[in-house]
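> only the shape, not the letters, is given here:
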């Protein structure tokens, strides 16, 4: 028997989707950062999301990336008929709001308002930083367990999934790391290397320390 979802249930689904949108610089969910002000689902199944960034002058790049992320995640819900994203109290709030809700190609809107920046290149840059941040946590967590360098670099994705972590940061970042390596196509099968570089190369045992240093440098 089909049972219609309540408005409250639909709003909770939207909040769950928004947790997949991260602050590009910090790689933290916008819901954890308390950026989302409100979620409203109307009777015609149009969703309105209002969000506010920490400062009035927060980077336009970040604002547009998060606004686009909000729209993409929420519109993926099968019951959503329409979407309105509103950025509050920001120097480019009107431009972001109008742009993301215009239906125009995102890359055009982004370039017009972000000094000609290419959306795909900016998004890739921050995705690479997120990858480095998450991978660094996992590598340091394995070192803290006493794993040897050879054991770490030879670990498969299946091995990593079976590894028991107890640290709060490792437990939080493990599913996020698995998501990003899968999404990027760097690893998917159980026998694939668990710790490729962002460009898909394997890390030699002798290069692990240098790799960690490079990851840390990318995060600054």
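Perfect, thanks for sending it. Computed from a prediction, not measured in an experiment: that's the story for all the values here.
> by contact count, what packs against the helix ranked longest in the chain?
Scanning the chain for the longest helix, with DSSP state H as the assignment, gives helix 119-144. On a contact count with 3 or more C-beta pairs under 8 Å, 6 or more residues apart in numbering; DSSP states H and E, helix 119-144 meets helix 60-75, helix 106-113, helix 149-153, helix 168-184, helix 208-218. All C-beta spots, glycine's among them, are computed from the backbone N, C-alpha and C.
> for residue 86, which residues are in contact?
48, 49, 50, 51, 93, 97 (C-beta atoms under 8 Å, 6 or more residues apart in numbering).
> ditto for residue 195
Contacts of residue 195 (C-beta under 8 Å, 6+ apart): 135, 138, 139, 152, 153, 155, 203.
> ok, which pair from the contacts of residue 86 is furthest apart?
48 and 93 (14.8 Å; C-beta to C-beta).
> before we move on, the earlier item: tell me which of the helices and strands packed on helix 119-144 lies nearest to residue 128.
The nearest among the helices and strands packed on helix 119-144, by C-beta to C-beta, is helix 208-218 at 7.1 Å.
> and that closest one, how far out from the chain middle?
21 Å (C-alpha atoms, centre = their mean, to the nearest Å).
> so which bits of it are buried?
In terms of neighbour count (16 or more other C-beta atoms under 10 Å), helix 208-218 has its buried residues at 208, 211, 212, 215.
> pretty sure the second one sits against residue 197.
Yes. Assessed by C-beta atoms under 8 Å, residue 211 is found in contact with residue 197 at 7.1 Å.
> quick check: neighbours shared by those two?
With C-beta under 8 Å, 6+ apart as the test, residue 211 and residue 197 both reach residue 203.
> how about low-confidence regions in the protein?
1-3, 216-220 (pLDDT under 70).
> how about 80 then?
1-4, 214-220 (pLDDT under 80).
> look up how far residue 47 lies from residue 9.
13 Å (C-beta to C-beta, to the nearest Å).
> what do you get for residue 138?
In terms of C-beta to C-beta, residue 138 sits 34 Å off from residue 47.
> which ones are touching residue 151?
residue 142.
> if we can go back for a sec, could you flag which of the contacts of residue 195 are buried?
Here, 16+ other C-beta under 10 Å leaves 135, 138, 139, 152, 153, 155, 203 buried among the contacts of residue 195.
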